[in-house]
Structures are given as structure tokens and as C-alpha cells.
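1. below is the sequence, then the predicted model.
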Amino acid sequence: MAEAEAPLFEALIVPHRSLSPRGLRLLLAAICILCGASAFTFVRLGAWPVGGFTGLELLLAAWLFRLNARGAKASELLLLSPAALRVIHTDPRGARREWALPTAWLSVTLEERPGRTPALLLLARGTRTEVAAALGEAEKRDLARALAEALHRWRHPVFDNPQLREP
């Protein structure tokens, strides 16, 4: 990689999922066992439609859990170089979108939204792009601070000339 293209800052953003695939299977199995036991009880009491509705409920729960787990495959990569900030967004299906914002005009802002997580916006020459939508408030604030610091370090370099040091 060329000196001019060496990354000054890099961040990989992935959605948080509290359950591992194994934990998700165990949770779904527990839900199936508990719902199956209650449905069996109702069917034995003569309320047979409950069994069908419980089956539909379990299929819906399994589909929603699978949809949530598939969302964990999404990611966003921020690469800051002297030339541009590249944003590479990968959706859960694996499709990638990439765009670049010129570093010289780039600014990072957090737009406060009452009652909601603030939006992390990248502004560059009339372009307004929201990134890190999957992060919580604290993580967005940390990312905004780190990215702003990297931009500041690039724009205001500290030069160390040994000849100018005091003997």
C-alpha cells in the first residue's frame, strides 16, 4: 500500500448480538418445549385449535430469530486515509456498497434526536452521510470522538525537528 494511502484510522462496525448461534438454538428449543407442553395440555382439555395456533406461533418465532441472526452478518468499515474516508457497507445478504468522502472537507457531527440514539453524520462538500446506525449512544460518541481526533491529527501534524531541541 502506498504511503499516501496508508490508513490513518480504521473502524469495523458490526451489529451487536447477545446470543451465539448455539445459545439461539438452545433458546428456541426451550421455547418449543414450553409452548409444546402448554399446547399439549390445552389439546388434552379439548381446546384443540390452540395446538395449531401454537405451531404457527413457533414458526413465526423461529423465522424472526433467524431474521435477527442473519442481520449479524451486516457490517460497515470506515477507512480514513489522507485522500478520503472510504465507507464500505455490507448488508446481511453480502451485497457491498462503497463510497468515498474527501478528507479535506470532512467533518464529523453527532445530531441529537430527542428520545432516540443520536445520528453520527459525516459531512463533506454538501454530502451528508449517516454511519454506524447499528451502534448504541455510547459507542457512537466514542467513534465520533476517535474519528474527529484522527482527522485533527492529520490536519495538525506535530513536527519534531531534533535540531531545534534545547541541548
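-> Received the coordinates, thanks. Numbers count the residues shown, from 1 in each chain.
2. next one: whichever helix in the chain runs longest to chain centre, how far?
-> For the chain, the helix reaching the highest residue count under DSSP state H is reported as helix 21-44. Here helix 21-44 is found 31 Å from its chain centre; the criterion is C-alpha atoms, centre = their mean, to the nearest Å.
3. try stretch 105-118
-> 16 Å.
4. check which residues of that stretch are buried.
-> By neighbour count on 16 or more other C-beta atoms under 10 Å, the buried set for stretch 105-118 is L106, V108, L110, T117. For the C-beta atoms, the positions are set from N, CA and C on the backbone; glycine is no exception.
5. point out where this protein drops to low pLDDT.
-> By pLDDT under 70, the weakly predicted segments of the chain are 1-5.
6. do a quick rundown of the strands in it.
-> Listed in chain order, the strands of the chain (DSSP state E) span 9-13, 75-80, 84-90, 96-102, 107-111, 119-124, 127-131.
7. closest one to F40 among those?
-> strand 75-80 (42.5 Å; C-beta to C-beta).
8. please parse the chain into its domains.
-> Per automatic domain parsing, the domain ranges recorded for the chain read 3-16+74-155, 21-72.
9. save these as JSON lines, and put in distance to P162 too.
-> What follows is these, written out as JSON lines (distance: least, C-beta to C-beta, whole Å):
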{"stretch": "domain 3-16+74-155", "distance to P162": "21"}
{"stretch": "domain 21-72", "distance to P162": "50"}
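10. nearest to N161, out of the ones you listed?
-> Proximity to N161 (C-beta to C-beta) singles out domain 3-16+74-155 among the domains of the chain, at 18.1 Å.
11. how distant is that closest one from the center of its chain?
-> Between the mean C-alpha location of domain 3-16+74-155 and the chain-wide mean there is a distance of 11 Å, by C-alpha atoms, centre = their mean.
12. re the thing from before, minimum distance to P167: which of the domains of the chain has it?
-> Of all the domains of the chain, domain 3-16+74-155 sits nearest to P167, with 28.8 Å by C-beta to C-beta.
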